[in-house]
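Chemist: Give me a model of this one.
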Amino acid sequence: MQVIVKPILSEKMTALTDKQNRVAFVVSKAANKLEIKRAVEAMYSVTVKSVNTMVYQGDAKSRYTKAGVISGRTASFKKAIVTLAEGDSIDFFSNI
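Modeler: Below is the predicted model:
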């Protein structure tokens, strides 16, 4: 099972990284905090201080077309905010 799906690189998370040394990831829904901690430490060679998780439910979306109203849902996902130890950091843009 792949624990970390992708990092979240938004303006809000960049500010949180600069101020509080936290990074965010979209993770597998089945992953728990211990698995997320081990995966981040193994993948990025950093020390994880704490992990906070939250599950976002998918939103109902609808649009109007010639055929009528088409409705559906966006996918739900689990987000993990990882606090790193003092002095550790993850640079997502280093290999671009």
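Chemist: Give me the distance from the helix or strand hosting Lys19 to the chain's centre.
Modeler: Element membership for Lys19 (DSSP states H and E) is helix 11-20. Using CA atoms, centre = their mean, to the nearest Å, we find the averaged C-alpha position of helix 11-20 to lie 13 Å away from the chain's own average C-alpha position.
Chemist: What does the most centrally placed residue in the chain show for phi and psi?
Modeler: By CA atoms, centre = their mean, the mean C-alpha position of the chain lies nearest to Phe25, the distance being 2.1 Å. Dihedral pair for Phe25: phi -140, psi 150, per degrees, to the nearest 10.
Chemist: So it versus Lys37, what's the distance?
Modeler: The gap separating Phe25 from Lys37 is 11 Å, by CB to CB, to the nearest Å. For glycine as for every other residue, the C-beta is placed from the backbone atoms N, C-alpha and C.
Chemist: what residues are shared contacts of those two?
Modeler: Val82 (CB atoms under 8 Å, 6 or more residues apart in numbering).
Chemist: Kind regards, and thank you for your time.
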